[in-house]
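1. Just the structure for this:
(chains A, B, C and D)
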Protein chains: 2
Amino acid sequence: MATAKTQDFTDDEIFLADIAKALSHPARIKIMKLLSEMNACMCGELVNLLPLAQATVSQHLKELKRVGLIQGDIDGPKVCYCVNVEMLSKVTKDFQNYFNNLNKGEKISCKPKTK
Amino acid sequence: MATAKTQDFTDDEIFLADIAKALSHPARIKIMKLLSEMNACMCGELVNLLPLAQATVSQHLKELKRVGLIQGDIDGPKVCYCVNVEMLSKVTKDFQNYFNNLNKGEKISCKPKTK
DNA sequence: TCGCATCATCGTATATTTACGATGAACGAT
DNA sequence: ATCGTTCATCGTAAATATACGATGATGCGA
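-> As a prediction, this is how the structure comes out:
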């Protein structure tokens, strides 16, 4: 009976999964792109650039804020959003490591029957 | 009224989001890792290595298969799983591009009030 | 002070995800 | 042919995610 089977997940696995979850919606993929393209911050213009209502965009921003990928800075009645560069760099590195390790496998792939 | 606001998402954005969704659970992050470590394929041993029931593991495998990150090869009564190396390499490249572009921003970050 | 614009939050409906036990299908071995 | 092993699928319950309109808070400018 091997290893008791009650192995929980590591912090690392949970972290990667959580970031992936934050990026698991096209709107949030796009928001990150838009925020970095405008290389300064941005505000409710996001609503104009997305096929979504204001309340929905706000929810997506909240999710990205939750994991720390973006920051919001209150600027008068507006809110200025931008990517969190430190976090982004950590995430970039972590995913690069993850994927590189996955690619390290000896490629003894099974027959691609894709059952 | 700018750009009609009905801009849909691009295939690229949808693709990245879909892969991210497939990786948005610690179990699936770990399954990918396990499959690549055993560099050959694997079967129901996964169930022993995860704190989940067999039916649940099967569901997670199905999700990874859905996006093409892994393959399954029927081998007698067992099923041999392995990572799909072509797909993995595409995904690795695409995410690298995505993150690199995000990092290209001119880093005019706003004050980190993180409202 | 009174609106106006901006953005968050609430309330809510619907859909999807996650998890598990139970059942079913496929196959090797006896 | 029957049995045991392996894995997928079904049925289902509970939790989460997605989306939107309506409402609330905040601060700027008139």
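2. in chain A, which residue is closest to the centre?
-> Centroid-nearest residue in chain A: A:Leu23, 3.6 Å away (criterion: C-alpha atoms, centre = their mean).
3. what sits against the nearest residue to that residue once chain neighbours are set aside?
-> In space, and not counting its chain neighbours, A:Leu23 is closest to B:Ala20: 4.1 Å by C-beta to C-beta, 6 or more residues apart in numbering or on different chains. C-beta coordinates here come from the backbone N, C-alpha and C atoms, glycine included. B:Ala20 is in contact with A:20-21, A:23-24, A:29, counting by C-beta atoms under 8 Å, 6 or more residues apart in numbering or on different chains.
4. my guess is the residue nearest to the centre of chain A contacts B:Leu16, does it?
-> Yes - at 7.1 Å, A:Leu23 and B:Leu16 qualify as touching, with contact defined as C-beta atoms under 8 Å.
5. shared neighbours, these two?
-> A:Ile29.
6. quick revisit: which stretch of helix or strand covers the residue nearest to A:Leu23?
-> helix B:11-22 (DSSP states H and E).
7. Identify each buried residue in that helix, please.
-> Neighbour counts using 16 or more other C-beta atoms under 10 Å in any protein chain shown place B:13, B:15-22 of helix B:11-22 among the buried residues.
8. swap in stretch A:97-107?
-> Buried-residue list, stretch A:97-107, by 16+ other C-beta under 10 Å: A:98-99, A:102, A:105.
9. who touches it?
-> So stretch A:97-107 is contacted by A:16, B:29, B:32-33, B:35-37, B:39-40, B:83, B:85, B:88-89, B:91-92, B:95-96 (C-beta under 8 Å, 6+ apart).
10. out of the contacts of B:Ala20, who's near DNA strand D?
-> A:21, A:24 (C-beta under 7 Å from any atom of the strand).
11. ok, back up a step: next up, the contacts around the residue nearest to the centre of chain A.
-> Residues counted as contacts of A:Leu23 (C-beta under 8 Å, 6+ apart) are A:29, A:32, B:16-17, B:20.
12. so where is chain A shaky, pLDDT-wise?
-> Residue ranges of chain A with pLDDT under 70: A:1-7, A:39-41, A:106-115.
13. which residue ranges form the strands in it?
-> A:70-75, A:78-83 (DSSP state E).
14. Please identify which of the ones you listed is closest to A:Pro51.
-> The closest of these to A:Pro51 is strand A:78-83. By C-beta to C-beta, the value is 18.5 Å.
15. does DNA strand D sit close to that closest one?
-> No - using C-beta under 7 Å from any atom of the strand, strand A:78-83 stays clear of DNA strand D, with a minimum separation of 8.5 Å.
16. which helices and strands sit right next to that strand?
-> helix A:26-37, strand A:70-75 (3 or more C-beta pairs under 8 Å, 6 or more residues apart in numbering or on different chains; DSSP states H and E).
17. So what touches the longest one?
-> Taking C-beta under 8 Å, 6+ apart as the criterion, the residues outside helix A:26-37 that touch it are A:22-23, A:41-42, A:46, A:49-50, A:52, A:56-57, A:60-61, A:63-64, A:69-70, A:81-83, B:9, B:13-14, B:16-17, B:20, B:98, B:101-105.
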